[in-house]
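Asks: Here you go, sequence then predicted model.
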Amino acid sequence: MIDTEGHYEVKLGALPTLTGKPTHYCAGCEHGTLTRLIASALNDLGVREQTVLVDSVGCSVLAHEYLNVDAIQAPHGRAPALMTGIKRMRPDLLVFAVQGDGDAVSIGLSELIYAANRGEPITIFLVNNGIYGMTGGQMAPTTPEGMVTMTSPHGRDIALTGPPLDASKMLATLEAPAYVKRVLLPVTPTPSEDFFNARGSIEGAKSVRNAFRVQQKGGFAFVEFLSTCNVNWKMSILQSKHYATEVLAKVFPPGLFKDKFGVEKR
Amino acid sequence: MTTARDFLKGNEAIAYGALRTGLNAFFGYPITPSSEIPETLAVEFGNPRYPEFKVFLQAASEIEAINMVIGAASTGAKVMAATSGPGFSLKQEGISYASGMELPMLIVDVNRGGPGLGNLGPEQTDYFQATKGGGHGGYRNIVLAPSSVPEMAAFPALGFSLAFKYRTPVVILTDAFLGQLKEDLMFPEVPAPVFDTSWATTGARGPERHLLTSMHLGLPELNLHSEHLRAKWAEVERSEQRSEKIETDDADVILIAFGICARLCQRAVGSLRAQGIRAGLLRPITLAPFPSREIGALVDRGVRKFVVVELNTGQMVEDVRLATGGRARIETVQKVGGLLPSPSDIVLKVEGMSP
C-alpha cells in the first residue's frame, strides 16, 4: 500500500513490531487496520526499543496482544495521565495510546484535556466509532443524534443528552497541542458499491507516522480516527461503511486542526 | 534544604525523608492537611542537593495524580503521592490497579476528620481503607504508621525499600496532628539505595518485552495471579510485622495504639506505673501486616487485659480481637471529630479494669 505521493509504504505481512497473533476484532472493524498502521510506522521509524504502549479500556484494551512493544495497562480513561508520568520520568521514550471514544471523550476527558493543555510530548490515537463497543453498544458522548443504542433505544435525543462532543475541535482550541487531526479511516463505497476507496488508510498511515514525529519533536499529537462498529450499530459491514461516510463524517468532519511543526507539508 | 539536624513539621519531614532516599518523582494535588508535602517538594525541585528528583508536577485531580504516579512507577522510578482522606478515596481505583500490576510506589495519607468533607482535625478513620485493600478487587498493601516527626522522616526510606522488595504500593498512614507537629530530628546520612527494576516497561530489547497489566481475562489466569498475590502477602505477614514494645515485659495490662495515640499512651503508661499498675504499650509500626504475632505472644504469656486507643469508632480493635483470639478482655478508648483523648482518659479506663 503506497500513499498518493508514492513515498510511503505500509508493510504487510510479519513485522518485528507485531506479535503475529490474529486479532479479536470483529469483521469490518477498523481497530485491526489501525494496529497495522501503528506497527508499520514504529517499524519504519526504528523506535521499537524506545516505545511504550499504554493500553486503554475498551476494544483497544488488548492492543498489547498484537503490538510487540513494552506496554502498561491504564485504568479506564486515565491513559493520558499514565503517559504523562512515563514521559516526564523518561523523556527518551516514545509513548502512545489507542483510546476509544468512551475512554477518551467520556470518562477520561479531564485527563485528555489536561495532558493536551500541558503539551505533553505524547501520541494519542482516538478510535471514534460513536458507541461503546466492548461493553455492548451503549450510547457514547460521540453518538450521532438519533442513533439507536442499548441506552438510547429510541435514538439519541440531544434535548436530553446534549449534542455529540467533538474532542478534536475542543483540543484544537488549546494553545499547547502541536498536532490535532481527524481522519475517516474506513473504506468508502462508491455509489455503485462496486469499488471501495481506501484513501482513509493511506491518510491514516501518514497521520500515524506524523503523530509519532511530532512527539519526537516535543509536541502533543492527537489523531482521531472515525471508525465503524457494525456489530453494535446493528448494520451489515457495507451499511456501516455508508453510515461512517454519510453520517459520522458529517457530524465530525475530517480535517487538520493543528500542525504547529508543519509535519503535513513534507 | 535541611541540615543533618533540624526542627520540622511532620509533613516537611516526610518530604525531606523522601528526597534523601532518592525520590525521583512526585505528583500532587492540594488538600489540607497534607499540602506542606507538595509545597516543600515544589521548593526543593531543581535543588542540586537532590539530583535524583527529576519530576514535580501538580495534577488537575487526585485521580490524575495517582495515574501519573502509576506511569512514573512503570519506569522503575521512586515515586510518591501525598493526600488526605477525600483524596485518598479518589486514589483507590489507581491503587487497585497498581496493586494488581505490582508497582512499587509510596502513598501518604494524612488522615483528617470524616466521613465526607469532615474537618481538618486528626483522625485514624482511614485505617480500614488503608489496611484492608481500599479499592476494588482483593489485595493488601503494606501500611506504615509513624508516631513522631523523626519517624515521618525515616519512613519514606523504609517504605521504598519494602515497596521495591515486594513490588507493591506502600501507604504511610499518618494524621493531621503529626503532619502539623514540629519536632527535633536527625537525618541519617545513608546513600539512596538502588533497587532492581528489571521488570520496568522502558522499551523492548530484542524479542523479549515487558508487560504490566492487571487484566487476566482467562479465569484460571486470574486465579493464578491472585494466588501469587496471596502468597506474596503471606510472605509479607511472615517477615514484615513491626511494632515497638514499651514496658511490656512484666505488664498485665497492655495499651495498643499507633501514631499520635501511641504518644498519649506513653504518658498514660508512666502515670499508671507511678500508681503501681503494671501497664505497658504495644505500638504497631506496620498496621498491615498487623503485628498479631507480638500480641499473640503477650496473650500466651498470660496478659488478659488490653486497651485499644484509636481516633475512630473502632477499627484497629477488630485486628486486636483477631490477634487475641477471644482469650483476653479488650476495652477501648476512642475519640473522633478531630479531638484527642487525654492521657487521663486512658488512665481512668485502665483503672476501671482492675479487679
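Replies: Yes, it's here. All values reported here derive from a predicted model rather than from experimental measurement. Residues are numbered from 1 along each chain as shown, chains lettered A, B, ... in the order given.

Asks: what's the neighbour count on residue 12?
Replies: Let's take chain A. 9 (other C-beta atoms under 10 Å in any protein chain shown). Heads up, the C-betas are built off the backbone N, CA and C, glycines and all.

Asks: ah, I was thinking of chain B
Replies: Residues lying near residue B:12 (other C-beta under 10 Å) number 23.

Asks: Remind me which helix or strand it belongs to.
Replies: Counting by DSSP states H and E, the element that carries residue B:12 is helix B:10-20.

Asks: contacting residues for residue B:235?
Replies: Contacts for residue B:235 (C-beta atoms under 8 Å, 6 or more residues apart in numbering or on different chains) come out as residue B:166.

Asks: For residue B:229, see how far away it is.
Replies: 11 Å (C-beta to C-beta, to the nearest Å).

Asks: for residue A:117, same thing?
Replies: Distance from residue A:117 to residue B:229, counting by C-beta to C-beta: 37 Å.

Asks: Also residue A:169?
Replies: Taking C-beta to C-beta, one finds residue A:169 at 44 Å from residue B:229.

Asks: and if you look at residue B:120?
Replies: 35 Å.

Asks: what's the neighbour count on the residue of the stretch 1-150 of chain A found nearest chain B?
Replies: Closest approach between the stretch 1-150 of chain A and chain B, counting by C-beta to the nearest C-beta: residue A:85, at 2.5 Å. Residue A:85: 33 surrounding residues under other C-beta under 10 Å.

Asks: what ranges do the helices span in the chain?
Replies: In the absence of a named chain, chain A is used. Here chain A has its helices, by DSSP state H, at A:31-45, A:63-66, A:79-89, A:101, A:109-117, A:158-161, A:167-172, A:199-216, A:230-233, A:237-243, A:249-251.

Asks: ah, I was thinking of chain B
Replies: Using DSSP H, helices in chain B cover B:10-20, B:36-44, B:62-73, B:85-101, B:127-131, B:149-166, B:176-180, B:219-239, B:260-274, B:292-301, B:316-324, B:343-353.

Asks: Can you add distance to residue A:30 and mean pLDDT and give the ones you listed back as JSON lines?
Replies: Formatted as JSON lines, these follow (distance: least, C-beta to C-beta, whole Å; pLDDT from 0 to 100):
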{"stretch": "helix B:10-20", "distance to residue A:30": "45", "mean pLDDT": "97"}
{"stretch": "helix B:36-44", "distance to residue A:30": "42", "mean pLDDT": "98"}
{"stretch": "helix B:62-73", "distance to residue A:30": "27", "mean pLDDT": "98"}
{"stretch": "helix B:85-101", "distance to residue A:30": "28", "mean pLDDT": "98"}
{"stretch": "helix B:127-131", "distance to residue A:30": "42", "mean pLDDT": "98"}
{"stretch": "helix B:149-166", "distance to residue A:30": "41", "mean pLDDT": "97"}
{"stretch": "helix B:176-180", "distance to residue A:30": "51", "mean pLDDT": "97"}
{"stretch": "helix B:219-239", "distance to residue A:30": "28", "mean pLDDT": "98"}
{"stretch": "helix B:260-274", "distance to residue A:30": "58", "mean pLDDT": "97"}
{"stretch": "helix B:292-301", "distance to residue A:30": "55", "mean pLDDT": "98"}
{"stretch": "helix B:316-324", "distance to residue A:30": "53", "mean pLDDT": "98"}
{"stretch": "helix B:343-353", "distance to residue A:30": "67", "mean pLDDT": "96"}
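
Asks: got the contact list for residue B:287?
Replies: Residues in contact with residue B:287 (C-beta under 8 Å, 6+ apart) are B:127, B:130, B:131, B:143, B:144, B:145, B:173, B:258, B:316.

Asks: which residues touch residue A:182?
Replies: For residue A:182, counting by C-beta under 8 Å, 6+ apart, the contacting residues are A:168, A:223, A:224, A:225, A:226, A:252, A:253, A:254, A:255, A:257.

Asks: Neighbour-wise, which one of these leads?
Replies: Sorting those by how many neighbours each has (other C-beta under 10 Å) puts residue A:224 first, at 30 neighbours.

Asks: That one and residue A:253 touch, don't they?
Replies: No: using C-beta atoms under 8 Å, residue A:224 is not in contact with residue A:253, being 11.1 Å away.

Asks: do you know how far residue A:170 is from chain B?
Replies: Look at residue A:170 and chain B: by C-beta to the nearest C-beta, to the nearest Å, they are 15 Å apart.

Asks: Report pLDDT for the residue lying closest to that residue once chain neighbours are set aside.
Replies: Among residues not flanking residue A:170 along the chain, residue A:113 sits closest, at 7.2 Å (C-beta to C-beta, 6 or more residues apart in numbering or on different chains). For residue A:113, the pLDDT comes out at 98.

Asks: pretty sure residue A:113 is touching residue A:176, no?
Replies: No: under the criterion of C-beta under 8 Å, residue A:113 is not in contact with residue A:176, lying 10.5 Å apart.

Asks: What parts of the stretch 1-150 of chain B come near chain A?
Replies: When proximity is defined as C-beta under 8 Å from any C-beta of the partner chain, the stretch 1-150 of chain B approaches chain A at B:24-25, B:27, B:54-55, B:57, B:59-61, B:63-65, B:67-75, B:77, B:79, B:93-94, B:97, B:101.

Asks: And stretch B:68-88, what's buried?
Replies: B:68-88 (16 or more other C-beta atoms under 10 Å in any protein chain shown).

Asks: Now the terminal residues of that stretch, how far apart.
Replies: Stretch B:68-88 has its terminal residues 15 Å apart, counting by C-alpha to C-alpha, to the nearest Å.

Asks: How far away from the center of its chain is it?
Replies: 14 Å (C-alpha atoms, centre = their mean, to the nearest Å).

Asks: go on, stretch B:155-164?
Replies: Its chain's C-alpha centre and that of stretch B:155-164 lie 11 Å apart, by C-alpha atoms, centre = their mean.

Asks: again, but for stretch A:97-104
Replies: With C-alpha atoms, centre = their mean, you get 7 Å for stretch A:97-104.
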